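1. next one to model:
(one chain, ligands or ions: 1)
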Amino acid sequence: MCGIVGYAGFREAYDVLLEGLKALEYRGCDSAGIAMINKEQGCLEVAKVAGMASLLEQRTRGKLSRSNLGLGHSRWATHGRPSDKNAHPHVSCCHTIALIHNGIIENYRVLRAALEKEGHRFLSQTDTEVLVHLVEKYYRGDLLEAVREATDRVEGSYAIAVVCSNEPQRIICARKDSPLIIGLGQGENFVASDFAALLPYTRRTYILEDGEFVSLSPESVEVFDRGGNKIVKEIYEVEWDIAAAEKGGYPHFMLKEIMEQPQAVRDTLRRRIDLEAGRVLLPELDLTAEEARRISKIYIIACGTSSHAGYVGKYALERLASLPVEVDPASEFRYRDPLLDQNHLAIVISQSGETADTLEALRLCKEKGIRVLAITNAIGSSAAREADRTLLTFAGPEIAVASTKAYLTQLILLYLLALYLGQLRGTVTREQGAELVRGLNGLPDQLVKILTPECLTELKEIAVALAHWDSIFYIGRNLDYATALEGSLKLKEVSYIHAEAYPAGELKHGPLALITGGMPVVALATQEKVLEKTLSNIQEIRAREGAVFLVASEEFVGIERQADWVFHIPRVHQLLTPVPAILPLQLIAYYTGLARECPVDKPRNLAKSVTVE
Ligand code: AGP
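-> Numbers count the residues shown, from 1 in each chain. Prediction:
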């Protein structure tokens with residue numbers, strides 16, 4: 001969602017901040033702003049626009065004074081529409097303090113009313129502005145102290161960075177329930193909400209915890225707890241480099257990330273399967289056979305694409321570990337009354353590890369005494385730190401808002417987990433286990449077969465045919481329904497076409513009424529045991545002149561006659577078909593988005609990391 005970048009050092013702060021804002025835009029951005037301490041006069045200079053960092057640059061390059069210290073923010077509107085005034089940084093009445101914020105201040109109405117009574121003048125409709133007035137209120141010559149007092153008064157979530165022209169050499173930062181990272185340099189230091197803004201300068205970082213405060217200057221970084229006691233932080237060295245967060249010759253991050261999937265799967269499997277023994281190894285779980293046998297039910301909790309991975313996980317866990325599994329969108333789970341008991345296990349899935357609803361669901365489970373396992377792509381994220389155990393996907397940085405390789409690696413981990421629990425609980429035989437381990441190991445090579453120039457051209461042609469429709473159905477049964485859910489979400493996100501996924505057997509209970517001449521339906525047929533049923537559903541569509549685009553396993557011979565167009569996916573184990581089957585759907589979404597001239601990497605209104613409820 002919103003992005004934070006701050007710099008104190010010897011470089012031109014303007015350049016560092018603008019580059020940082022551009023690197024953070026993938027998180028979602030509708031306005032951008034910077035505040036810098038003017039080097040000569042020591043006063044604050046602030047510039048903000050409704051729009052992306054490039055617009056801010058157009059308006060300000062060469063027009064601001066030189067500075068070596070400042071803050072930058074990319075906003076994704078929650079309270080107050082995108083506008084120059086609502087953009088961050090927000091500035092105190094006396095124009096000496098500037099503040100940027102990610103998160104939501106829940107008690108801002110009460111605070112604002114009280115501050116207005118005391119004479120503070122508010123310029124925006126945002127919740128954030130109360131923070132800068134609170135810091136101003138408590139400022140008595142020590143910015144760190146003022147920030148500590150101000151944050152004591154607020155309820156909600158925040159990652160903040162604050163500067164004050166009376167203390168021109170330091171930035172104060174604080175976090176609660178919203179990520180914040182410090183980048184460590186030589187004679188310069190950084191703060192950012194995301195590694196992407198730091199990587200051109202440093203890989204040495206501190207990952208801040210809730211309740212930590214930082215005083216950052218060009219020469220030093222001091223971290224304190226809420227009581228003012230100094231904390232010694234461990235340095236976290238980021239493993240991936242800037243190239244991993246760049247397009248590397250591809251026109252879009254989304255295409256690059258789709259093409260990286262064979263490698264991402266390989267990386268996620270590495271050291272987790274023993275081919276010879278035909279077994280899965282997940283030492284990170286630190287789970288005994290007895291503990292595994294005691295688990296009586298699993299809740300999978302996630303949002304969006306990650307929850308679609310959860311549906312595949314449900315099939316795998318039920319089949320291999322013989323456990324009942326419920327899948328819940330986190331935003332629903334946290335407001336219902338699930339009947340939890342100590343033998344239940346909660347699995348939260350989150351690419352970013354920072355999704356607000358998923359984190360709240362995680363906390364709810366922990367409060368109720370349920371063990372929580374996190375599946376995430378972000379080491380050091382809140383989900384990874386708060387869960388009892390974490391399984392990391394090794395997808396590398398995913399920049400496009402539409403998740404592709406993170407989804408695929410989540411599937412891989414869920415298969416590994418299901419098989420591992422099956423091994424421990426004795427619910428899979430040695431032969432079944434070995435067959436699946438071989439199947440998993442073979443997946444990257446099968447994926448490569450779908451990513452050839454010929455297949456890409458074929459999928460592009462289909463996308464061009466779909467691009468002028470306003471509405472498209474995705475159907476499938478069993479595991480294919482889970483894939484349909486994810487395929488339709490991809491199309492919605494990047495092409496803005498209304499797409500709806502249905503279990504194929506549900507069509508005649510309503511949606512069939514919408515099938516008329518030429519109406520496109522994307523169907524999936526990879527599951528042998530329901531193949532005939534799915535084919536009947538396809539014929540019902542074609543009898544009403546719907547046009548069927550079918551993704552089917554290559555072993556189903558003669559299936560070509562059953563649809564208007566068929567894309568074959570290579571043969572894999574029946575339980576693993578969601579892995580290759582999603583690739584053509586991702587590519588159809590991508591090429592349809594391009595055909596409709598949509599900004600595929602940054603769809604309107606969406607954010608990469610949804611850190612607010
Ligand atoms: C994926 O394409 C979406 N942009 C979105 O649904 C995403 O999966 C969801 O917001 C959850 O994010 P998370 O995995 O980081 O928790």
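2. ok, and the closest non-adjacent residue to whichever residue of the stretch 201-350 of the chain sits closest to the ligand?
-> Using Cβ to the nearest ligand atom, the single residue of the stretch 201-350 of the chain nearest to the ligand is G304, 1.8 Å away. For every residue, glycine as well, the C-beta is placed using N, CA and C. Sequence neighbours aside, L489 is the residue nearest to G304 in space, at 6.8 Å (criterion: Cβ to Cβ, 6 or more residues apart in numbering).
3. state the three-state secondary structure for that neighbour.
-> At L489 the chain is in helix, as set by DSSP: H, G, I helix; E, B strand; the rest coil.
4. surely it meets T305?
-> Yes - contact between L489 and T305 holds when scored by Cβ atoms under 8 Å: they sit 6.3 Å apart.
5. and L345, that's in a helix?
-> No - L345: not assigned to a helix; according to three-state DSSP it is strand.
6. burial measure for it, as a count.
-> Residues within reach of L345, counting by other Cβ atoms under 10 Å, total 25.
7. residues in a beta bridge with it, which ones?
-> Beta-bridge pairing of L345 under DSSP bridges involves I298, R371.
8. return the helix or strand in the protein with minimum mean pLDDT.
-> Sorting the helices and strands of the chain by mean pLDDT, DSSP states H and E puts strand 236-237 at the bottom, at a mean of 86.
9. what does the following helix or strand past that strand contact?
-> Once strand 236-237 ends, the next helix or strand along the chain (criterion: DSSP states H and E) is helix 253-259. Applying Cβ atoms under 8 Å, 6 or more residues apart in numbering, the external contacts of helix 253-259 come out as 26, 247-248, 250, 398-400, 402, 404-405, 451, 494, 583, 586-587, 590, 600-601.
10. near the ligand, which of the residues you listed show up?
-> By Cβ under 6 Å from any ligand atom, the members of the contacts of helix 253-259 lying near the ligand are A402.
11. from the contacts of helix 253-259, list the buried ones, please.
-> With burial judged by 16 or more other Cβ atoms under 10 Å, the buried subset of the contacts of helix 253-259 is 26, 398-400, 402, 404-405, 494, 583, 586-587, 590, 600-601.
12. what would those look like in a markdown table with secondary structure?
-> Listed next are the buried ones among the contacts of helix 253-259 as a markdown table, based on three-state DSSP:
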| residue | secondary structure |
| --- | --- |
| Y26 | helix |
| E398 | coil |
| I399 | coil |
| A400 | coil |
| A402 | coil |
| T404 | coil |
| K405 | helix |
| V494 | helix |
| L583 | helix |
| Q586 | helix |
| L587 | helix |
| Y590 | helix |
| V600 | coil |
| D601 | coil |
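13. could you dump those to CSV with pLDDT?
-> Listed next are the buried ones among the contacts of helix 253-259 as CSV, based on pLDDT from 0 to 100:
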residue, pLDDT
Y26, 69
E398, 89
I399, 88
A400, 93
A402, 96
T404, 98
K405, 97
V494, 97
L583, 98
Q586, 98
L587, 98
Y590, 98
V600, 95
D601, 92
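14. up against the ligand, what does the stretch 51-200 of the chain have?
-> Residues of the stretch 51-200 of the chain found near the ligand (Cβ under 6 Å from any ligand atom): none.
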